[in-house]
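S.K.: A structural model of the following input is requested.
(2 chains)
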Protein chains: 2
Amino acid sequence: MPELQIFCSLSVEGDALKLLQEGARPHKLIFSQKAGKSILVQTGSDPAFAGVDVAVGQPDVGDVLASTRLRWVHLTSAGYTRYDTSEFRAAAKAKGIQVTNSSMVYTEPCAEQILSFMLGQARLLPQSLGVQCDNTTSEWARIRYSLRCLQHKSVVILGFGSIGIRLIELLAPFQMKITAVRRQAKGDEGVSIVSPDDCQKALAEADHVVNILPDNPASRHFMSADRFGWMKPGAMFYNIGRGTTVDQHALVAVLKSGHLGAAWLDVTDPEPLPVGHPLLSAPNCFITPHTGGGHQNEPESLVRHFLENLQRFVKDSPLLDRIM
Amino acid sequence: MPELQIFCSLSVEGDALKLLQEGARPHKLIFSQKAGKSILVQTGSDPAFAGVDVAVGQPDVGDVLASTRLRWVHLTSAGYTRYDTSEFRAAAKAKGIQVTNSSMVYTEPCAEQILSFMLGQARLLPQSLGVQCDNTTSEWARIRYSLRCLQHKSVVILGFGSIGIRLIELLAPFQMKITAVRRQAKGDEGVSIVSPDDCQKALAEADHVVNILPDNPASRHFMSADRFGWMKPGAMFYNIGRGTTVDQHALVAVLKSGHLGAAWLDVTDPEPLPVGHPLLSAPNCFITPHTGGGHQNEPESLVRHFLENLQRFVKDSPLLDRIM
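M.R.: Residues are numbered from 1 along each chain as shown, chains lettered A, B, ... in the order given. The predicted structure follows:
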């Protein structure tokens, strides 16, 4: 295969840049002058895009649609809402462009983030960190006898992708009753599967509901007032998918009423939430700033994942994390 | 076996009391008038103690030593420092008194508490909860790229009792390199074992050091300035054993110098720490108020564990959690 022209619409520096430059040889890297400050921010349209074979990063949708030579787009994120349109899918198919994302890079940190939320809630870390009190005080007793264990509890996981699969592995030693919500059960999931339209009973029985749904028209406000209402009183809700999959007004209501025990959110709609948003002051609502996928050397991990796929692309082998 | 006289030096009420009263029939429960406010606090000497067959709770050491008919003491805690003296052991042996504790009741919550600490640190929950910032800000990047995963990291566990064994189960999916420090390797531990005198290399290689040591003369200040100094720069330290097993001055020093990445402590010496204690303001030091073993229905769990042992005692079967 001749040298490839690789359009890089991602902002990397230092070790990650060196890794990319060395690993991509002998192919030619063309760095966008319009790369976003974050590796997750879309690049603006760039004239340098014309004529490239491969694009890595968050390329401009219009640039991809207008491309003539492009054969592969590798996205440096797990989410791909802006590319997930019928127009884009049709264009990719017609032009023979493969599209991959970086889901595998985020699987482990996201799964560990969810478990940190579940255990942080069970062990009431926000309420007990920094508290210094004697074990004869009512303050101590209030914390101590409110703590819980995950063992033997039940959990519903909304979405059965790589993060859900990894979470199920991490939860295995806790001997929980695990149910996953998936559009089509394949039979090889190893846990109970229910369809999105048939999850009322599972939600009603779960001590924990973990939302890992991606953003798409079918998932928008999936966690509606009805579905929150079906949840068991005092149950816990966690969201590491996308903020748009939750009816946030309904969530505020079930937190305020005390119907939900707590909500832990790594994603909201919008991000960040505007000052004064009712979720920020809702009781037992714990929010992190969309850091679930983060990890030390994240840029290097993204570059390594791309380079692995580049080797596969050159050899015409199946690409990892192919989404289109 | 005739009816037993059971001295109850524990403060239980409501469902737990009902459970105890019903489960202990036909034996006679004699409730101490001097039970502590907490189920973990020692009862004062009580004249009602004389002539009982069994004592459950935290009975007065002098009462046990002076007893003539007593055959079994069941402690409602995992720790038993005040009973762990050569005088007490000798008396128990001479008088034929079996001593059990409630270790099994605390195994799961303590193991889950440790994992909540490890994941809370890896995912930087104290630093990121409540932070609302845009993903183009340096504040966001500072958190996001400082996050870690436990997967494939190394951990040293000081103490190989039931909590350590359960922690090893919970950590299994993380594919960590696990080493436990144990006085005598039995060969059936399933992880690498090193002796306390031979743990320098293990400490130097570990990303995480988990202290589950009980309090006894051999464990006092086990985590000394030397051992903290051997730890890998940036490594994390967790203590859910007893505060006395740590040289707290040395811990403050390695936190202040930045040699340690962080310390998460559920136990300190004393508890609570006095206002102004340097650990309270040491950087990256996160403290909970000895709530590690806590869980909803803890009094019921303790009562159930005692009743299970009572059935065994009546049948002359081996008691659970026997310590002497």
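S.K.: quick one: the closest residue to residue A:228 other than its chain neighbours from chain B, how far?
M.R.: Spatially, and ignoring its direct neighbours in sequence, residue A:228 is nearest to residue A:254 (4.5 Å; Cβ to Cβ, 6 or more residues apart in numbering or on different chains). All C-beta spots, glycine's among them, are computed from the backbone N, C-alpha and C. Relative to chain B, residue A:254 is positioned 20 Å away (Cβ to the nearest Cβ, to the nearest Å).
S.K.: And for residue A:209?
M.R.: 19 Å.
S.K.: That residue bridge partners, please.
M.R.: residue A:156, residue A:237 (DSSP bridges).
S.K.: give me phi/psi at the residue nearest the centre of chain A?
M.R.: In chain A, the centroid-proximal residue (Cα atoms, centre = their mean) is residue A:241; its distance is 4.6 Å. With angles defined as degrees, to the nearest 10, residue A:241 sits at phi -80, psi -100.
S.K.: Tell me where the longest helix sits in chain A.
M.R.: helix A:103-122 (DSSP state H).
S.K.: angle of that one against helix B:103-122?
M.R.: Angle between the axes of helix A:103-122 and helix B:103-122 is 130 degrees (criterion: axes from the mean of the first three to the mean of the last three Cα atoms, to 10 degrees).
S.K.: what about the following helix or strand past helix A:103-122, near chain B?
M.R.: As assigned by DSSP states H and E, the chain's next helix or strand after helix A:103-122 is helix A:125-128. Yes. Applying Cβ under 8 Å from any Cβ of the partner chain, one finds helix A:125-128 touching chain B at A:125, A:126, A:128.
S.K.: Dump those into JSON lines; add pLDDT and neighbour count as well.
M.R.: Formatted as JSON lines, those follow (pLDDT from 0 to 100; neighbours: other Cβ atoms under 10 Å in any protein chain shown):
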{"residue": "A:125", "pLDDT": "98", "neighbour count": "24"}
{"residue": "A:126", "pLDDT": "97", "neighbour count": "18"}
{"residue": "A:128", "pLDDT": "97", "neighbour count": "24"}
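S.K.: ok, these vs chain B, which is closest?
M.R.: Proximity of the residues of helix A:125-128 next to chain B to chain B (Cβ to the nearest Cβ) peaks at residue A:128, which lies at 4.4 Å.
S.K.: Would you mind measuring from that closest one to residue B:107?
M.R.: Counting by Cβ to Cβ, to the nearest Å, the separation of residue A:128 from residue B:107 is 20 Å.
S.K.: that older thread, any idea which element the residue nearest to residue A:228 lies in?
M.R.: Assigned by DSSP H and E, residue A:254 falls within helix A:248-256.
S.K.: surely the residue nearest to residue A:228 meets residue A:248?
M.R.: No. Counting by Cβ atoms under 8 Å, residue A:254 does not reach residue A:248; the two are 10.9 Å apart.
S.K.: Could you pull out the strands in the stretch 101-250 of chain A for me?
M.R.: A:154-158, A:177-181, A:192-194, A:208-211, A:236-239 (DSSP state E, counting those that start in this stretch).
S.K.: and the last one, average pLDDT?
M.R.: Strand A:236-239 shows a mean pLDDT of 98.
S.K.: Could you do the third one as well?
M.R.: The average of the pLDDT scores along strand A:192-194 is 97.
S.K.: Ends of stretch A:130-137, what's the gap?
M.R.: 16 Å (Cα to Cα, to the nearest Å).
S.K.: quick one: buried residues of it?
M.R.: Within stretch A:130-137, the residues that count as buried by 16 or more other Cβ atoms under 10 Å in any protein chain shown are A:132, A:133, A:135.
S.K.: Can you sort out which of those residues also neighbour chain B?
M.R.: Okay, of these touching chain B (Cβ under 8 Å from any Cβ), that's A:132, A:133, A:135.
S.K.: I figured the last one was touching residue B:267, is that so?
M.R.: No. Residue A:135 is beyond contact range of residue B:267, at 11.2 Å (criterion: Cβ under 8 Å).
S.K.: Please enumerate the shared neighbours of these two.
M.R.: Common contact partners of residue A:135 and residue B:267 (Cβ atoms under 8 Å, 6 or more residues apart in numbering or on different chains): residue B:290.
S.K.: so where's the stretch 1-150 of chain A shaky on pLDDT?
M.R.: Within the stretch 1-150 of chain A, the stretches with pLDDT under 70 are A:1, A:35-43.
S.K.: again, 80 this time
M.R.: The model of the stretch 1-150 of chain A has pLDDT under 80 over residues A:1-2, A:33-44.
S.K.: how close does the spatially most distant residue from the centre of chain A sit to chain B?
M.R.: Here the centre of chain A is the reference, and by Cα atoms, centre = their mean the most remote residue is residue A:136, at 43.0 Å. Residue A:136 sits 5 Å away from chain B, going by Cβ to the nearest Cβ.
S.K.: What parts of the stretch 51-200 of chain A come near chain B?
M.R.: Proximity of the stretch 51-200 of chain A to chain B, by Cβ under 8 Å from any Cβ, involves residues A:108-109, A:112-113, A:115-116, A:119-120, A:122-126, A:128-136, A:140-141, A:143-151, A:169-170, A:172-174.
S.K.: make it 7 Å
M.R.: Counting by Cβ under 7 Å from any Cβ of the partner chain, the stretch 51-200 of chain A comes close to chain B at A:108-109, A:112-113, A:115-116, A:119-120, A:122-123, A:125-126, A:128-136, A:140, A:143-151, A:169-170, A:172-173.
S.K.: Give me the buried subset of these.
M.R.: Buried among these by 16+ other Cβ under 10 Å: A:108-109, A:112-113, A:115-116, A:119-120, A:122-123, A:125-126, A:128-129, A:132-133, A:135, A:140, A:143-144, A:147-151, A:170, A:172-173.
S.K.: about what we covered before: now distance to residue A:324 too, for the ones next to chain B among the buried residues of stretch A:130-137, in TSV please.
M.R.: Formatted as TSV, those follow (distance: Cβ to Cβ, whole Å):
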residue	distance to residue A:324
A:132	55
A:133	56
A:135	58
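S.K.: Identify, from those, the entry nearest to chain B.
M.R.: Relative to chain B, the closest of these is residue A:132; by Cβ to the nearest Cβ it sits at 3.8 Å.
S.K.: So for that closest one, what's the nearest residue that isn't a sequence neighbour?
M.R.: Among residues not flanking residue A:132 along the chain, residue B:272 sits closest, at 3.8 Å (Cβ to Cβ, 6+ apart).
S.K.: Specify the local secondary structure of that neighbour.
M.R.: Following DSSP: H, G, I helix; E, B strand; the rest coil, we place residue B:272 in the coil state.
S.K.: which bits of the stretch 201-324 of chain A sit near chain B?
M.R.: A:272, A:273, A:286, A:287, A:288, A:289, A:290, A:291, A:294, A:295, A:296, A:298.
S.K.: rerun at 10 Å
M.R.: Selection of the stretch 201-324 of chain A residues close to chain B by Cβ under 10 Å from any Cβ of the partner chain yields A:264, A:266, A:268, A:270-275, A:277, A:279-280, A:285-299.
S.K.: Inside strands: which ones of those?
M.R.: Residues of these located in strands (DSSP state E): A:264, A:285, A:286, A:287.
S.K.: And those residues, which is closest to chain B?
M.R.: The closest of these to chain B turns out to be residue A:286 (Cβ to the nearest Cβ; 5.4 Å).
S.K.: ok, the closest residue in space to that closest one that isn't next to it in sequence - contacts?
M.R.: Among residues not flanking residue A:286 along the chain, residue A:264 sits closest, at 4.8 Å (Cβ to Cβ, 6+ apart). Residue A:264 makes contacts with A:113-114, A:116-118, A:120-121, A:126, A:210, A:236-240, A:284-288, B:125, B:129, as judged by Cβ atoms under 10 Å, 6 or more residues apart in numbering or on different chains.
S.K.: my guess is residue A:131 contacts residue B:288, does it?
M.R.: Yes. Under the criterion of Cβ atoms under 10 Å, residue A:131 is in contact with residue B:288, at a separation of 7.0 Å.
S.K.: what touches both of the two?
M.R.: With Cβ under 10 Å, 6+ apart, residue A:131 and residue B:288 have common neighbours A:124, A:143.
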